[in-house]
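got a predicted model here, sequence first, then my questions.
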Amino acid sequence: QLQLVESGGGLVQPGGSLRLSCTASGLTFSSYSMTWYRQVPGKEREWVARILTIGNVTKYRDSVKGRFTISRDNSKNAMYLQMNNLKAEDTAVYYCNAFGPFGDDHWGEGTLVTVSA
């Protein structure tokens, strides 16, 4: 059964850092484009960072460029999001998404990141 599990969320002060992990099972991980999304209650879910299957090409939304780094380790079926210089507006539930070669779309249950003094 395909499963995505996020971890690494928590409470951090502004300017601090966190590293999120997404561990996948039940899929050929290397064949999937992987994306981190986030959602604040009452707002739409938004994409944060994406890493493609070919060449590990990465893309970021403008508000996190230079602060967040997405990476993947296909040998561990894992994706990561290193978040530095966190701001209050980064507070959200962060979700892992896997988009497959046949258009299949899969989500984890999310991990909460709270940036507060």
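Done, it's in. What you see is a predicted model, and the numbers here were worked out from it, not measured in a lab.

which SS class is residue 63?
Secondary structure, DSSP: H, G, I helix; E, B strand; the rest coil: residue 63 is helix.

can you report how many residues lie near the nearest residue to it once chain neighbours are set aside?
Using C-beta to C-beta, 6 or more residues apart in numbering and skipping residues adjacent in sequence, the residue nearest residue 63 is residue 89, 7.5 Å away. Any C-beta I mention is one placed from the backbone N, CA and C, and that applies to glycine too. Neighbour count for residue 89, taken as other C-beta atoms under 10 Å: 10.

am I right that residue 89 is in a helix?
Yes: counting by three-state DSSP, residue 89 falls inside a helix.

hang on, it packs against residue 64?
No: counting by C-beta atoms under 8 Å, residue 89 stays clear of residue 64, with 10.1 Å between them.

I'd like the distance between the residue nearest to residue 63 and residue 67.
11 Å (C-beta to C-beta, to the nearest Å).

can you check residue 31 too?
Where residue 67 is concerned, residue 31 sits at a distance of 29 Å (C-beta to C-beta).

residues near the residue nearest to residue 85 when sequence neighbours are not counted, how many?
Excluding the flanking residues, the one nearest residue 85 by C-beta to C-beta, 6+ apart is residue 67, at 4.8 Å. Per other C-beta under 10 Å, the neighbour tally for residue 67 reads 15.

now swap in residue 97 and tell me
Neighbour tally, residue 97, other C-beta under 10 Å: 20.

need the contact list for it.
4, 34, 35, 36, 37, 105, 106, 107, 108 (C-beta atoms under 8 Å, 6 or more residues apart in numbering).

now do the SS call for it.
Per three-state DSSP, residue 97 ends up strand.

ok, the residue nearest the centre of the chain - contacts?
Using C-alpha atoms, centre = their mean, the residue of the chain that lies closest to the mean C-alpha position is residue 36, 2.7 Å off. Applying C-beta under 8 Å, 6+ apart to residue 36 gives the contacts 20, 22, 47-50, 70, 79, 81, 94-97.

fine, thanks again, bye for now.
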